[in-house]
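Engineer: requesting a structural model of the entry that follows:
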Amino acid sequence: MLVSSVTATKSVRDRLTLNLFVGQSLFSAAVIATFTLTAVIAADLSEGDMAAGIPSTLTLMGRAIAAYPIGLLLDRAGRRIGLSAGFGLGIVGCVVAILAIEAGSFAGFCLGALLLGMGRAGNEQSRFVAAEMHTAEKRAKVIGLMVFAGTIGAVFGPLLTAPSETFAAGRGLEEYAGPFLVGILLYAAGLLLTMLFLRPDPKVIGEAIEAAEQKVMEHIPARPLPHIFRQPAVILAVAAMAIAQLVMSLLMVITPLHMSHYEHNTAAISQVISAHTFGMFALSGVTGWLIDRYGRVPLIIIGAFILMAACVLITPATAVLPLAVALFLLGLGWNFCFIAGSSLLSDSLAASERPRVQGISEMIVAVSAGLAGLVTGILFAWSGLTAVAAIGLAFSLAILGFLVYYALARVGSRRLAVIRKT
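Structural biologist: Have a look, this model is predicted:
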């Protein structure tokens with residue numbers, strides 16, 4: 001299949017990348033705005049704290065359930081339609097949540113949370129859509145840029161909560177419906193932006209880039225999924241992303257509860273979480289540049305060691321400053337592993353393979369986060385933050401195990417290539 005090189009010009013790629021960046025920013029702001037009070041609303045609707053974490057868990061389940069189907073949609077209907085589906089699901093989730101809040105229905109609110117998670121499954125793949133429009137030496141920088149878009153949501157999302165509650169109350173709605181009204185507006189803006197201006201479809205750009213890099217203007221058939229997931233680079237990439245997500249979720253979720261046991265107020269907890277968010281997102285542009293310059297694997301190694309440092313430092317920490325440092329390093333280690341792993345995965349796939357494989361990888365990452373969220377409370381109740389950090393350290397070390405496997409596999413393939421030549 002011939003692909004016109006005109007569609008792959010720098011100006012077109014830059015315009016589409018900016019479109020994706022703005023869309024990602026709108027989506028992340030909507031996610032944070034609606035997530036901020038989720039546990040509070042759940043506790044209110046269920047009339048108890050025991051069920052406060054259920055909607056958040058369902059959001060992660062929705063993300064995992066929808067990741068592969070949306071990957072198929074991205075592949076068959078195009079990137080624009082697949083990403084638009086994510087925004088559409090976000091709108092529906094917000095509407096269901098508002099109706100549930102007005103009706104006082106905890107079950108309905110859980111359904112809204114599930115739909116919001118399904119919407120995230122589409123948005124989380126936007127970094128791959130952006131990456132495929134650029135050559136291999138620039139993909140990590142572009143993925144870093146898309147991750148950086150999350151900073152906008154982290155900063156502005158919580159700021160929208162209080163005004164939105166006032167707005168909702170002034171119109172005869174429950175105050176808690178306010179953030180979801182804001183979510184509808186943000187998701188709708190992202191949907192319009194994607195549907196109207198994400199043209200030509202990034203899939204066409206990706207095929208043109210791939211054709212240019214391989215010096216052949218033809219469609220490359222996708223390999224079977226079992227074959228792809230046996231490739232050492234794919235195994236390492238998915239493992240780095242999933243384990244980093246798991247370790248981060250283990251410690252991030254439980255740290256506020258740990259701090260409350262030492263009489264820290266909400267302001268102190270917010271400072272520590274802000275330091276963590278800064279480590280996750282703010283340096284993503286620099287991370288992408290480092291990955292493109294020094295390679296995917298070296299940055300995964302560094303990220304693993306940073307995660308291990310965070311696990312060690314957080315164990316004895318009770319004051320705000322050491323906790324903030326540990327959580328910053330936790331976010332930074334995730335950032336290195338996540339962006340480098342995403343870049344390595346994108347490099348390892350043909351354009352025809354990316355949506356399905358990346359959908360599965362997103363499902364694995366979401367399941368990892370969900371399991372961490374379920375387990376961390378049990379570990380904390382058993383033996384405090386020490387047990388949580390110990391499990392996090394063990395999983396961080398496991399990344400190094402996957403790195404050793406990857407290195408040995410590369411050595412083996414090189415020896416086999418030499419034998420075949422001789």
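
Engineer: the nearest residue to Ala51 once chain neighbours are set aside sits in which helix or strand?
Structural biologist: Excluding the flanking residues, the one nearest Ala51 by Cβ to Cβ, 6 or more residues apart in numbering is Ala42, at 5.8 Å. Any C-beta I mention is one placed from the backbone N, CA and C, and that applies to glycine too. Ala42 belongs to helix 38-46 when elements are defined using DSSP states H and E.

Engineer: show me the contacts for Gln65.
Structural biologist: Quick fix: residue 65 reads Ile, not Gln. Gly117, Met118, Ala121, Met363 (Cβ atoms under 8 Å, 6 or more residues apart in numbering).

Engineer: from Ile243, how far off is it?
Structural biologist: When distance is defined by Cβ to Cβ, to the nearest Å, Ile65 is 21 Å away from Ile243.

Engineer: let me see the contact set for the closest residue to Ala242 other than its chain neighbours.
Structural biologist: Distances taken as Cβ to Cβ, 6+ apart place Ser368 nearest to Ala242, at 4.4 Å, with adjacent residues excluded. If a contact means Cβ under 8 Å, 6+ apart, then Ser368 has Ala242, Ile243, Gln245, Leu246, Ser249 as its contacts.

Engineer: with neighbour count and pLDDT added, can I get these in a markdown table?
Structural biologist: A markdown table is the format used below for the contacts of Ser368 (neighbours: other Cβ atoms under 10 Å; pLDDT from 0 to 100):
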| residue | neighbour count | pLDDT |
| --- | --- | --- |
| Ala242 | 25 | 97 |
| Ile243 | 25 | 97 |
| Gln245 | 22 | 95 |
| Leu246 | 25 | 96 |
| Ser249 | 22 | 89 |
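
Engineer: next step: these restricted to strands.
Structural biologist: Among the contacts of Ser368, DSSP state E puts none in strands.

Engineer: which ones among the residues you listed lie within helices?
Structural biologist: Among the contacts of Ser368, DSSP state H puts Ala242, Ile243, Gln245, Leu246, Ser249 in helices.

Engineer: so what's the fourth one up against?
Structural biologist: It refers to Leu246. So Leu246 contacts Ser368, Ala369, Leu371, Ala372, Phe395 (Cβ under 8 Å, 6+ apart).

Engineer: try 10 Å this time
Structural biologist: 334, 365, 367-373, 375-376, 391-392, 395-396, 398 (Cβ atoms under 10 Å, 6 or more residues apart in numbering).

Engineer: hang on, the earlier thing: top of the contacts of Ile65 by neighbour count?
Structural biologist: Ranked by neighbour count (other Cβ atoms under 10 Å), these have Gly117 at the top, with 28 neighbours.

Engineer: so that one makes contact with Ile70?
Structural biologist: No - Gly117 is not in contact with Ile70 according to Cβ atoms under 10 Å; the separation is 11.7 Å.

Engineer: list residues touching both of those two?
Structural biologist: With Cβ under 10 Å, 6+ apart as the test, Gly117 and Ile70 both reach Arg63, Leu89.

Engineer: and of the contacts of Ser368, the nearest to Pro224?
Structural biologist: Using Cβ to Cβ, Ala242 comes nearest to Pro224 of the contacts of Ser368, at 21.6 Å.

Engineer: my read is that the residue nearest to Ala51 contacts Ser105, right?
Structural biologist: No - Ala42 lies out of contact with Ser105 (Cβ under 10 Å); the separation is 11.5 Å.

Engineer: who has more neighbours out of those two?
Structural biologist: Remark: of Ala42 and Ser105, Ala42 carries more neighbours, 23 against 15, as counted by other Cβ under 10 Å.

Engineer: how far away is His264 from Trp382?
Structural biologist: 22 Å.

Engineer: those two: who's more crowded?
Structural biologist: His264 (19 against 10).

Engineer: for that one, list the residues it contacts.
Structural biologist: Residues in contact with His264, defined by Cβ under 10 Å, 6+ apart, are Pro256, His258, Ser270, Gln271, Val272, Thr318, Ala319, Val320, Leu323.

Engineer: in strands only, show me those residues.
Structural biologist: Among these, no member falls in strands (DSSP E).

Engineer: following the helix or strand containing Ala85, which helix or strand comes up?
Structural biologist: Ala85 belongs to helix 79-103 when assigned by DSSP H and E. Of the helices and strands lying after helix 79-103 in sequence (DSSP H and E), the nearest is helix 106-123.

Engineer: what mean pLDDT does that next one get?
Structural biologist: Average pLDDT, helix 106-123: 94.

Engineer: buried sites along that helix?
Structural biologist: Buried positions in helix 106-123, judged by neighbour count with 16 or more other Cβ atoms under 10 Å: 106, 108-123.

Engineer: with stretch 342-353 instead?
Structural biologist: So, applying 16+ other Cβ under 10 Å, buried residues of stretch 342-353: Ser342, Ser343, Leu344, Leu345, Ser346, Asp347, Ser348, Leu349, Ala350, Ala351, Ser352, Glu353.

Engineer: same list (these) but as JSON lines, adding distance to Leu307, secondary structure and pLDDT.
Structural biologist: What follows is those, written out as JSON lines (distance: Cβ to Cβ, whole Å; DSSP: H, G, I helix; E, B strand; the rest coil; pLDDT from 0 to 100):
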{"residue": "Ser342", "distance to Leu307": "16", "secondary structure": "helix", "pLDDT": "94"}
{"residue": "Ser343", "distance to Leu307": "18", "secondary structure": "helix", "pLDDT": "93"}
{"residue": "Leu344", "distance to Leu307": "17", "secondary structure": "helix", "pLDDT": "95"}
{"residue": "Leu345", "distance to Leu307": "19", "secondary structure": "helix", "pLDDT": "94"}
{"residue": "Ser346", "distance to Leu307": "22", "secondary structure": "helix", "pLDDT": "89"}
{"residue": "Asp347", "distance to Leu307": "22", "secondary structure": "helix", "pLDDT": "89"}
{"residue": "Ser348", "distance to Leu307": "23", "secondary structure": "coil", "pLDDT": "91"}
{"residue": "Leu349", "distance to Leu307": "25", "secondary structure": "coil", "pLDDT": "88"}
{"residue": "Ala350", "distance to Leu307": "31", "secondary structure": "coil", "pLDDT": "83"}
{"residue": "Ala351", "distance to Leu307": "32", "secondary structure": "coil", "pLDDT": "77"}
{"residue": "Ser352", "distance to Leu307": "33", "secondary structure": "coil", "pLDDT": "78"}
{"residue": "Glu353", "distance to Leu307": "29", "secondary structure": "coil", "pLDDT": "85"}
